[in-house]
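Engineer: Could you look at this predicted model? Sequence included:
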Amino acid sequence: MAIPQEHQQSRTTISPEAHMTEHISSQGHPANSENITIATAPTSTGQPLEQAILNLSLAHIASFTTRNMTTNPLNLRIMSPTLKGDFDNMPLSRNASTHLHMVESTARQHPEWRVEVLSSCVGVDEEAGMARVWVTLAVSGLPHAGFENVRRESVLMLTWKREGDGRWLMSEQRNIRGPGRSLF
């Protein structure tokens with residue numbers, strides 16, 4: 001894999017609409033996961049591929065803050081229908097629809113659950129058709145009894161793969177919990 005190009009962000013809040021219209025087509029979003037239409041490859045924007053994938057990833061994370069993950073057209077276009085999700089104390093997800101609904105439902109039940117992007121970096125191996133985005137998050141208001149006032153750092157790893165038609169889709173999300181109070 002190519003050496004990751006660092007893109008540091010200093011404790012910024014990302015608006016959910018940031019970068020979105022630059023990178024996706026103007027198609028409406030589908031009603032269910034079987035009809036997901038994915039946007040063209042990020043390189044169609046004229047940006048370097050690394051920056052486009054990073055921007056799409058950060059816009060996806062921003063949709064968590066607004067609790068509109070399942071209806072956000074960006075999410076429906078950039079996620080593989082077979083996306084795998086692995087988050088703390090949540091069942092493994094084997095498709096994008098299940099993953100988005102589970103995370104959004106939990107977030108709506110726990111409005112104090114927040115994430116803040118502290119830093120990010122991206123590595124792209126175009127030859128292998130794979131990219132990874134690493135995002136360090138400050139997480140607070142955790143949806144677990146006794147952890148409501150705990151703030152900790154986590155690392156979110158987003159894996160992207162290039163499809164046969166050239167589209168880049170997010171294929172996996174893995175949350176790697178940082179140190180802090182144990183949930184065990």
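Structural biologist: It's in.
Engineer: Would you map the helices across this structure?
Structural biologist: Remark: helices assigned in the chain by DSSP state H are 20-23, 49-66, 73-78, 96-109.
Engineer: hey, which of those is tucked in deepest?
Structural biologist: Of the helices of the chain, the one with the most neighbours on average (mean count of other C-beta atoms under 10 Å) is helix 73-78, at a mean of 24. C-beta coordinates here come from the backbone N, C-alpha and C atoms, glycine included.
Engineer: list the helices and strands it packs on?
Structural biologist: If you count contacts as 3 or more C-beta pairs under 8 Å, 6 or more residues apart in numbering; DSSP states H and E, helix 73-78 packs onto helix 20-23, helix 49-66, helix 96-109, strand 168-177.
Engineer: hmm, 6 Å instead?
Structural biologist: Here helix 73-78 touches helix 49-66, going by 3 or more C-beta pairs under 6 Å, 6 or more residues apart in numbering; DSSP states H and E.
Engineer: quick one: the helix it packs on to helix 96-109, angle?
Structural biologist: Angle, helix 49-66 to helix 96-109, by axes from the mean of the first three to the mean of the last three C-alpha atoms, to 10 degrees: 40 degrees.
Engineer: Helix 49-66 relative to strand 168-177, how many degrees between them?
Structural biologist: 60 degrees.
Engineer: Any figure for the gap between Asn175 and Leu156?
Structural biologist: Counting by C-beta to C-beta, to the nearest Å, the gap from Asn175 to Leu156 is 6 Å.
Engineer: One more: Leu137?
Structural biologist: Taking C-beta to C-beta, one finds Leu137 at 6 Å from Leu156.
Engineer: Could you do Ala62 as well?
Structural biologist: As defined by C-beta to C-beta, Ala62 lies at a distance of 13 Å from Leu156.
Engineer: picking up where we left off before, among the helices of the chain, which comes closest to Glu126?
Structural biologist: Counting by C-beta to C-beta, Glu126 lies closest to helix 49-66 out of the helices of the chain; the figure is 6.8 Å.
Engineer: low-scoring stretches of the chain, by residue?
Structural biologist: Along the chain, the parts satisfying pLDDT under 70 run over 1-46, 88-92, 143-148, 178-184.
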